[in-house]
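K.L.:
return a 3D structure for these sequence lines:
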Amino acid sequence: MVIKKELELAMIDQDKEHLIETTYNDHFEQNIHPKLFDEEFTDSKDCLFDIINFLPDATFVIDSTGHVIAWNKAMEELTNTKADQMLGKGGFQYSIPFYGERRRLLIDLVTSAHEETEGQYNLFWRKKGFITAETFIPSLKGRPTYLWGKASPFYNHKGKVVGAIESIRDVTEKKEAEKELERHRDHLKEMVEEKTTKLKKINNQLQMEVIERKRIEKILKQSEEKYRNIFENAGIGIFQSTLDEKFISVNPAMAHILGYESPQEVINSIHDIGKQIYAEPERRFRVLDMLQENHGIIKVENEYRRKDGKKRIANLTLRAVRDDKDSILYYEGFMEDITQRKQAEEALKDSEERYRNIVETSQAGVFLIDAENNTSYVNQRMAEMLGYKNVKEILGRNFSDFVDQEGQKKALRFLKRRKQKIREVNEFKFLCSDGSEVWTLISANPLFNQKDKYIGALGVVTDITARKGMEKALIERQNYLRLVTGNMMDAITHLTLKESCDVATHKSKLS
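P.N.:
Residues are numbered from 1 along each chain as shown. Next comes the predicted model:
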């Protein structure tokens with residue numbers, strides 16, 4: 001805001017030896033200090049300081065004695081320091097808002113070099129009367145800040161240096177963006193190197209296949225008849241096709257796969273391979289793009305459509321035959337129907353899922369241990385038998401964690417027999433999570449890999465605690481009956497002997 005104000009100016013004469021005080025009326029910016037104007041500034045000071053005050057970059061001016069004579073609005077916003085707090089101040093006070101101490105800034109290096117101060121800046125550059133540099137301030141208005149500055153001499157109309165001016169720009173966002181870009185560049189470089197390594201490996205594999213293919217082609221050219229026999233009698237489809245989606249040749253197996261009576265019927269009937277053979281026509285273009293990119297042989301799994309409209313699945317091996325100028329002449333490849341195999345895989349998957357459901361819902365406990373006797377699988381029923389709510393509480397733990405000392409010895413004997421490929425059923429006592437005991441009947445089966453190496457055991461566990469309790473009660477009952485019976489026999493014997501004695505005594509009295 002421009003206001004009319006009477007200011008008392010301290011005018012310094014040319015030899016700077018005494019002050020002349022004067023008063024006059026004029027229009028000035030509140031942010032322009034009226035002190036220390038040389039006579040060279042007088043004619044255009046209003047225009048000059050208006051320009052400085054409204055520059056978008058934070059800007060300040062010092063005179064030849066180092067006193068601040070301009071501190072614009074952008075500088076107020078950058079430093080949170082008002083102009084009236086800074087105007088007329090000297091002794092490097094303008095550095096305090098930035099560094100919290102008095103020190104030289106870029107503006108002080110305009111007229112005289114200072115090696116220590118220059119070393120505190122980054123990208124310091126001096127050229128043709130101006131200086132540019134960057135610096136980092138740990139805390140400016142409470143946050144780390146990167147600043148870029150440009151300083152130059154301040155001349156009067158006679159070309160005499162009467163001060164210096166510095167513009168400062170907050171480049172923190174730019175610096176952070178550069179750092180982020182550098183991080184992305186490094187990450188991209190790592191990805192490129194990784195992909196390059198993989199592509200080299202793939203390329204080596206493809207080159208080996210190409211070399212092998214060329215060797216086979218040479219052999220086939222030397223024996224066209226042998227090739228024809230192979231072509232006609234092969235169990236997989238063999239074909240050649242043009243760039244405009246037509247078959248050049250197909251063998252009988254290929255015709256059979258596609259549901260046609262003969263190879264010639266295929267050639268005559270198919271005018272657009274992508275639309276008539278591919279279940280998804282657009283996939284044909286993706287396959288050809290892959291072939292173009294790989295510049296060799298590709299192998300893909302593809303869904304195709306037979307003559308009767310039924311969809312089947314096939315493994316497709318394809319390559320482009322090129323001329324000496326690397327232009328594609330035609331395509332050739334192999335096609336193997338794998339529908340039954342895929343269906344078998346799905347059936348196996350369903351079967352595995354079904355058996356898993358059976359195991360999970362079984363009333364018998366099921367567990368697997370590895371070669372180190374650590375549990376690798378238990379079903380929910382097994383966890384419940386041992387008093388655990390979740391199978392995760394058991395997985396990975398050693399079998400010995402669930403038995404007492406006597407049980408550990410017994411378990412070691414059983415596991416030794418498993419390694420000898422012995423399958424058997426044993427009664428076994430487990431310790432539950434609460435310390436109680438549970439008696440079980442374990443049907444144990446050893447597991448070996450294809451190299452006949454022991455890899456663990458499978459156990460199916462039935463809880464027989466109730467039965468063991470009944471057996472114990474029955475034994476106790478039998479012992480009780482045996483004791484009672486024995487006492488009764490002793491009593492009967494005693495009575496019998498007594499009765500015999502009484503009879504003998506009675507007879508003796510009668511006689």
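K.L.:
where exactly do the helices run in this protein?
P.N.:
For the chain, applying DSSP state H gives helices covering 45-53, 73-79, 96-99, 115-118, 172-222, 224-233, 252-258, 263-269, 273-276, 281-294, 339-361, 380-385, 405-419, 465-510.
K.L.:
quick one: buried residues of the second one?
P.N.:
Just to be clear, that refers to helix 73-79. 73, 74, 75, 76, 78, 79 (16 or more other CB atoms under 10 Å). C-betas here are computed from N, CA, C, even on glycine.
K.L.:
re the thing from before, need the winner for burial among the helices of the chain.
P.N.:
Of all the helices of the chain, helix 252-258 has the most neighbours on average by mean count of other CB atoms under 10 Å, namely a mean of 21.
K.L.:
other residues contacting that one?
P.N.:
Under the criterion CB atoms under 8 Å, 6 or more residues apart in numbering, residues 232-239, 250, 261-263, 265-266, 277, 304, 306-307, 312, 314, 335, 337 lie in contact with helix 252-258.
K.L.:
so what's the residue count around residue 324?
P.N.:
Residues near residue 324, counting by other CB atoms under 10 Å, number 5.
K.L.:
I meant residue 462, not that one.
P.N.:
16.
K.L.:
chain neighbours aside, what residue packs nearest to it?
P.N.:
Distance criterion CB to CB, 6 or more residues apart in numbering; nearest residue to residue 462, sequence neighbours excluded, is residue 441 at 4.5 Å.
K.L.:
surely that neighbour meets residue 424?
P.N.:
No - counting by CB atoms under 8 Å, residue 441 does not reach residue 424; the two are 11.1 Å apart.
K.L.:
looking at the two, which is more packed in?
P.N.:
Legend: neighbour count by other CB under 10 Å for residue 441 and residue 424, higher for residue 441 (16 against 11).
K.L.:
what average pLDDT does stretch 462-479 get?
P.N.:
Per-residue pLDDT over stretch 462-479 has a mean of 78.
K.L.:
stretch 172-191 too?
P.N.:
90.
K.L.:
residues contacting that stretch, please?
P.N.:
143, 144, 145, 146.
K.L.:
could you rerun that using 10 Å?
P.N.:
134, 136, 137, 140, 143, 144, 145, 146, 147, 148, 171 (CB atoms under 10 Å, 6 or more residues apart in numbering).
K.L.:
any low-confidence regions in the stretch 151-300 of the chain?
P.N.:
Scanning the stretch 151-300 of the chain for pLDDT under 70 picks out 220, 223.
K.L.:
scratch that, the stretch 401-511 of the chain is what I was asking about
P.N.:
480, 484, 486, 490-491, 494-495, 498, 502-504, 506-511.
K.L.:
swap the cut-off to 50 and go again
P.N.:
Judged by pLDDT under 50, the stretch 401-511 of the chain has no weakly predicted residues.
K.L.:
can you list the domain ranges for this protein.
P.N.:
2-170, 172-222, 237-343, 362-463 (automatic domain parsing).
K.L.:
span of the third one from start to end?
P.N.:
Put plainly, it is domain 237-343. Counting by CA to CA, to the nearest Å, you get 20 Å between the two ends of domain 237-343.
K.L.:
and the gap between the residue nearest to residue 462 and residue 500?
P.N.:
55 Å (CB to CB, to the nearest Å).
K.L.:
what comes up buried for stretch 310-319?
P.N.:
Neighbour-count burial for stretch 310-319 [16+ other CB under 10 Å]: 312, 313, 314, 316, 317, 318, 319.
K.L.:
picking that back up, for the domains of the chain, give me JSON lines that also has distance to residue 496.
P.N.:
Listed next are the domains of the chain as JSON lines, based on distance: least, CB to CB, whole Å:
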{"stretch": "domain 2-170", "distance to residue 496": "113"}
{"stretch": "domain 172-222", "distance to residue 496": "101"}
{"stretch": "domain 237-343", "distance to residue 496": "86"}
{"stretch": "domain 362-463", "distance to residue 496": "45"}
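K.L.:
who's in contact with residue 358?
P.N.:
Applying CB under 10 Å, 6+ apart, the residues near residue 358 are 366, 379.
K.L.:
what pLDDT does it get?
P.N.:
71.
K.L.:
with the one 4 residues further on instead?
P.N.:
Confidence at residue 362, expressed as pLDDT, is 75.
K.L.:
ok, now which ones touch the closest residue to it other than its chain neighbours?
P.N.:
Nearest residue to residue 362, sequence neighbours excluded (CB to CB, 6+ apart): residue 381, at 6.0 Å. By CB under 10 Å, 6+ apart, the contact list for residue 381 reads 359, 360, 361, 362, 363, 364, 365, 366, 391, 461, 463.
K.L.:
got the contact list for the last one?
P.N.:
It stands for residue 463. Contacts of residue 463 by CB under 10 Å, 6+ apart are 363, 364, 365, 381, 382, 384, 385, 430, 438, 439, 440, 441.
K.L.:
distance of it relative to residue 193?
P.N.:
In terms of CB to CB, residue 463 sits 58 Å off from residue 193.
K.L.:
kindly report the same for the second one.
P.N.:
Shown here: residue 360 relative to residue 193, a distance of 46 Å by CB to CB.
K.L.:
what's the answer for the fourth one, then?
P.N.:
Residue 362 sits 51 Å away from residue 193 when distances are taken as CB to CB.
K.L.:
what about residue 247, neighbour count?
P.N.:
22.
K.L.:
beta partners of it?
P.N.:
residue 241 (DSSP bridges).
K.L.:
wait, doesn't it sit right on residue 263?
P.N.:
Yes - here residue 247 reaches residue 263: they are 8.4 Å apart, a contact under CB atoms under 10 Å.
K.L.:
so what's residue 167 up against?
P.N.:
Residue 167 touches 52, 55-60, 72, 74-75, 106-107, 132, 148-152, counting by CB under 10 Å, 6+ apart.
K.L.:
which of the residues you listed are buried?
P.N.:
Going by neighbour count (16+ other CB under 10 Å), these have 52, 57-60, 72, 74-75, 106-107, 132, 148-152 buried.
K.L.:
just the ones of those residues in strands?
P.N.:
58, 59, 60, 132, 148, 149, 150, 151, 152 (DSSP state E).
K.L.:
taking those residues together, which two end up most distant?
P.N.:
60 and 132 (16.2 Å; CB to CB).
K.L.:
got a list of what residue 443 touches?
P.N.:
Residue 443 is in contact with 364, 423, 424, 425, 426, 458, 459, 460, 461, 462, counting by CB under 10 Å, 6+ apart.
K.L.:
do the same with residue 288
P.N.:
243, 245, 274, 298, 318, 320, 328, 331.
K.L.:
same question, residue 445
P.N.:
Contacts for residue 445 were tallied using CB under 10 Å, 6+ apart; they are 418, 421, 422, 423, 424, 457, 458, 459, 460.
K.L.:
for it, list each beta-bridge partner.
P.N.:
Applying DSSP bridges, one finds that residue 445 bridges with residue 458.
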